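Colleague: Following is a predicted model, sequence given first.
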Amino acid sequence: MKFQPTGSRVLLRRQVEQQVTASGIIIAGDSKKKIDQGIVVATGPGNVRPDGSIAPVVVKEGDLVVFNIYSATEIAVGRENFLLLNDSDIFGRLVE
């Protein structure tokens with residue numbers, strides 16, 4: 001099943017910080033800290049302006065972004081969890 005956001009919404013796959021103990025054990029599952037970074041999976045077409053034109057979403061699939069964790073809605077598509085939020089709740093892209 002595929003999810004296509006509407007309007008200026010963005011679907012993200014949250015990045016999870018991988019923690020390793022001093023002895024090299026990787027901490028797994030729910031013990032990991034959730035962070036405010038994610039990879040864009042899908043975007044809506046954008047908002048409709050008063051003149052009828054569309055203001056496109058400024059991020060694209062594959063972008064690594066920093067977002068407001070308090071405005072994201074967690075949704076499940078199939079067996080995978082994603083975050084859905086408006087593009088205005090994205091602070092910016094992380095680029096190398």
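Modeller: Sure thing, it's come through. Numbering: from 1, shown residues only.

Colleague: what's in contact with stretch 35-45?
Modeller: Under the contact criterion Cβ atoms under 8 Å, 6 or more residues apart in numbering, stretch 35-45 has outside partners 2-17, 54, 56-57, 59-69, 82-83, 87, 94. For every residue, glycine as well, the C-beta is placed using N, CA and C.

Colleague: Ala72: how many residues sit nearby?
Modeller: 20 (other Cβ atoms under 10 Å).

Colleague: thought it was touching Leu85?
Modeller: Yes: the criterion here is Cβ atoms under 8 Å, and Ala72 meets it with Leu85 at 4.5 Å.

Colleague: Mutual contacts of these two, please.
Modeller: By Cβ under 8 Å, 6+ apart, the residues touching both Ala72 and Leu85 are Leu12.

Colleague: follow-up on the earlier one: just the buried residues out of the contacts of stretch 35-45, in ChimeraX syntax.
Modeller: Buried members of the contacts of stretch 35-45, defined by 16 or more other Cβ atoms under 10 Å, are picked up in ChimeraX with:
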select :5,8,9,10,11,12,14,15,57,59,63,65,67,82,83,87
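
Colleague: Need the phi and psi values for Asp89.
Modeller: phi -90, psi 0 (degrees, to the nearest 10).

Colleague: should've said Tyr70
Modeller: Torsion angles, degrees, to the nearest 10, at Tyr70: phi -80, psi -10.

Colleague: One more: Ser71?
Modeller: According to degrees, to the nearest 10, Ser71 has phi -110, psi 0.

Colleague: what's the helix or strand for the residue most central in space within the chain?
Modeller: Centroid check for the chain by Cα atoms, centre = their mean gives Leu12 as the closest residue, at 2.4 Å. Taking DSSP states H and E as the definition, Leu12 sits inside strand 9-16.

Colleague: Report the mean per-residue pLDDT for that strand.
Modeller: In this model, strand 9-16 has an average pLDDT of 90.
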